[in-house]
Structure formats: C-alpha cells, structure tokens
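> quick one: sequence plus predicted model below, questions after.
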Amino acid sequence: MDILLGHELDRLKKDILTLYAEVEECVSKSVQSLIRLDADLAQSLLRKDEEIDQMEVDMEEECLKVLALYQPVASDLRFIITILKINNDLERIADLAVNIAERAITLANVSPVQAPFDPSSLGKKVLTMLDKSFDSFIKLNTDLAYEVLTLDDEVDLIHKNSYGKVGEMVLKAPDTFTALSNYLSASRHLERIADLTTNIAEDVIYLVKGDIVRHKTEFLTKPPLKKL
C-alpha cells in the first residue's frame, strides 16, 4: 500500500469513528428523551442535527478526494466504499433520532398515556445493535456483524406488536389517539434505525469478505442469540 494512501485511510477511519460517536450520542439522548418525556433534552438534539449533516458532507468529500487522487483497488477500494455507505447511514440514523426527539416533545405536551411498547427495552436493543455494528467495523469481526442481523428480527417483532396494541388502546380510549400515534411513530423510527444499523453490519461483511449479503438468508441458520 502507498504510504500516503495508508495515512489517508487511517484518517478516514478516525473521522468515521468520530461521526459514529456523535450519532450514537444522539440516538441515546433521543431514547432518553422518549423514556422521560424530556422536552428540553429532545430540543437540544434538534440543534445537533445540522452539525452532523455537515460532518457527513465533509466525510463524503474526503472519500471522493482519496478515490480521485490515489485510485485505490481491491481491499483499499472496498474500505473507502464501505466508509461512504456507513457515512450515509449514520447521517440518516441521526435524522431518525431527531424525529424521535420531536415525538418526545409532542408527547411531553399532551395528556400522558401508557406507551404501547417499552421505550427503554426497545431503545436498549437498538443501541446494542449500533454498538455491535461499530465494534464489528473496528475489529473487522464478521461474527459481531451477523449478531446485528439476528437482533434486527427482535426489533421488528416489537414494532409489529406495537401496531396491534395501539389499535386496541385507541378503541378503548379514542382521546389517546394523538399520544399513541406519536409513540407508534417513535417505534417506527427506532425500527428504521435498526434497519440502517443492519446495513452497517452488512457493509462490514462486505469489507472483510467481499460478500454482499443483504439479499441472502444464510445468517438465519446460525444458532439463536440470547435475548437482551
């Protein structure tokens, strides 16, 4: 590997980890704002979004510059492609975290109602997926990446069950519709974060093995993981 290219790749890895840390904090705070219905905490995330948007743009420009200057091939090219894809997914995750914060602000200003799912439990699962996806990236560990793919099924099930619960609760108390629809929207945003985190895990598998697994189901044959 060209020494200068090596330095550029190291810098890209450092920058994507910095972006990840910012996004992970946003997701964590958005979950906390939903659990506590803390409008002030949620409001602080709205201001953070523009900063992350700019980091994403800067990251993309750096990747394109490296591609143009060094014309990398093989594993180096896969690394930069992976960084570009993860960069985009992280920005979208941050947007969804902001959406969750907006739901928390609305919920903080309407009559309280029991949530149709456990925000703490669902939030923990999603954050675990996000942490595992980046651990897999840092360690180039595909086993961790496959764990993320399996955990996504648990998040999907929680979100699916929320629909039925909301329908039942609204029938019993129609005046809860506004609050419950906001909880359901928050659940949907968390489920989408889990999907994007799954994308990151799939990108790690591509980086390490060169395999594109997003349309494959082999990982479903792996032993089931213990629930969190």
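That came through fine. Numbers count the residues shown, from 1 in each chain.

> helices of the protein, residue ranges please.
3-36, 39-70, 74-108, 119-139, 142-172, 177-209 (DSSP state H).

> may I see the buried residues of the third one?
To tie it back to what came earlier, the one meant is helix 74-108. By neighbour count with 16 or more other CB atoms under 10 Å, helix 74-108 contains the buried residues 76, 78-87, 89-108. For glycine as for every other residue, the C-beta is placed from the backbone atoms N, C-alpha and C.

> got the angle between that helix and helix 3-36?
20 degrees (axes from the mean of the first three to the mean of the last three CA atoms, to 10 degrees).

> likewise the last one?
With the same axes, to 10 degrees defining the directions, helix 177-209 sits at 160 degrees from helix 3-36.

> so who does the spatially most central residue of the chain touch?
When the chain is reduced to its mean C-alpha position, the nearest residue by CA atoms, centre = their mean turns out to be Ile193, at 3.8 Å. By CB atoms under 8 Å, 6 or more residues apart in numbering, the contact list for Ile193 reads 27, 93, 96-97, 126, 130.

> same check, this time on Val23
52, 90-91, 93-94, 97, 130.

> residue furthest from the geometric center of the protein?
Largest centre distance within the chain, by CA atoms, centre = their mean: Lys172, 34.0 Å.

> what distance do you get for it to Lys160?
Distance of Lys172 to Lys160, given as CB to CB, to the nearest Å: 20 Å.

> got it, and Ala186?
Counting by CB to CB, the gap from Ala186 to Lys160 is 15 Å.

> which of the two has more neighbours?
Using other CB atoms under 10 Å as the criterion, Ala186 and Lys160 rank with Ala186 on top: 29 against 11.

> what's the closest non-adjacent residue to that one?
Nearest non-adjacent residue to Ala186, counting by CB to CB, 6 or more residues apart in numbering: Arg103, 4.3 Å away.

> could you do Thr18 as well?
In space, and not counting its chain neighbours, Thr18 is closest to Met55: 7.6 Å by CB to CB, 6+ apart.

> how many other residues sit next to the one you found?
For Met55, the neighbour count with other CB under 10 Å is 20.

> cool, Pro72 as well?
Neighbours of Pro72 using other CB under 10 Å come to 19.

> phi, psi for it please.
phi -70, psi 160 (degrees, to the nearest 10).
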